[in-house]
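A.B. asks: using only what follows, build the 3D model:
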Amino acid sequence: MSVAIKYEITGSVESGYVLFKTYEQIGRNKLACFQRLVGGLIEPVVYINGAALLMNENALNDGLVAWRVPPELESIVPEHFRVQEHKVLVGPVILVADDGEDFSGFHTREIADNVLR
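C.D. replies: Residues are numbered from 1 along each chain as shown. Below you'll find the model as predicted:
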């Protein structure tokens, strides 16, 4: 088994929103796992050294909630994701390993965390 880092905002206008960071297990059918985690077809947000940040390609059309990028993702999210003064993403996103040919999960949580340093 391998692991991806998932960022997802939950809540409502009435109760408030909370951004959760979780470590998700990736099974043998990687594509199905990635699509389940983002809630639809995957689309790369950005490629970074040995990793990629993926989101749901229909997140805006599906009416998913936009959220401010946390400090640990600020340096990797592209500038064209900026709205007014803040970078934003929409819907759940996952950080996965990228070997240049294929996406996969990271072998350990520590490797995943080190990508963001």
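
A.B. asks: now the helices for this structure?
C.D. replies: 30-38, 71-74, 109-115 (DSSP state H).

A.B. asks: just say which of the ones you listed is most tucked in.
C.D. replies: helix 30-38 (a mean of 17; mean count of other CB atoms under 10 Å). In short, each C-beta sits where N, CA and C put it, glycine included.

A.B. asks: helices or strands next to that one in the packing?
C.D. replies: strand 2-12, strand 16-26, strand 42-48, strand 51-56, strand 93-98, strand 103-104 (3 or more CB pairs under 8 Å, 6 or more residues apart in numbering; DSSP states H and E).

A.B. asks: can you redo those as TSV with mean pLDDT?
C.D. replies: Formatted as TSV, the helices and strands packed on helix 30-38 follow (pLDDT from 0 to 100):
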stretch	mean pLDDT
strand 2-12	96
strand 16-26	97
strand 42-48	97
strand 51-56	98
strand 93-98	98
strand 103-104	98
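
A.B. asks: I'd like those as JSON lines, with mean neighbour count and distance to Val83 appended.
C.D. replies: Converted to JSON lines, the helices and strands packed on helix 30-38 look like this (neighbours: other CB atoms under 10 Å; distance: least, CB to CB, whole Å):
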{"stretch": "strand 2-12", "mean neighbour count": "18", "distance to Val83": "15"}
{"stretch": "strand 16-26", "mean neighbour count": "13", "distance to Val83": "16"}
{"stretch": "strand 42-48", "mean neighbour count": "15", "distance to Val83": "14"}
{"stretch": "strand 51-56", "mean neighbour count": "22", "distance to Val83": "15"}
{"stretch": "strand 93-98", "mean neighbour count": "24", "distance to Val83": "16"}
{"stretch": "strand 103-104", "mean neighbour count": "18", "distance to Val83": "27"}
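
A.B. asks: of all these, which one is nearest Asp62?
C.D. replies: strand 51-56 (6.9 Å; CB to CB).

A.B. asks: partner strands of the closest one and their direction?
C.D. replies: When pairing is defined by DSSP bridges, strand 51-56 lines up against strand 42-48 (antiparallel), strand 93-98 (antiparallel).
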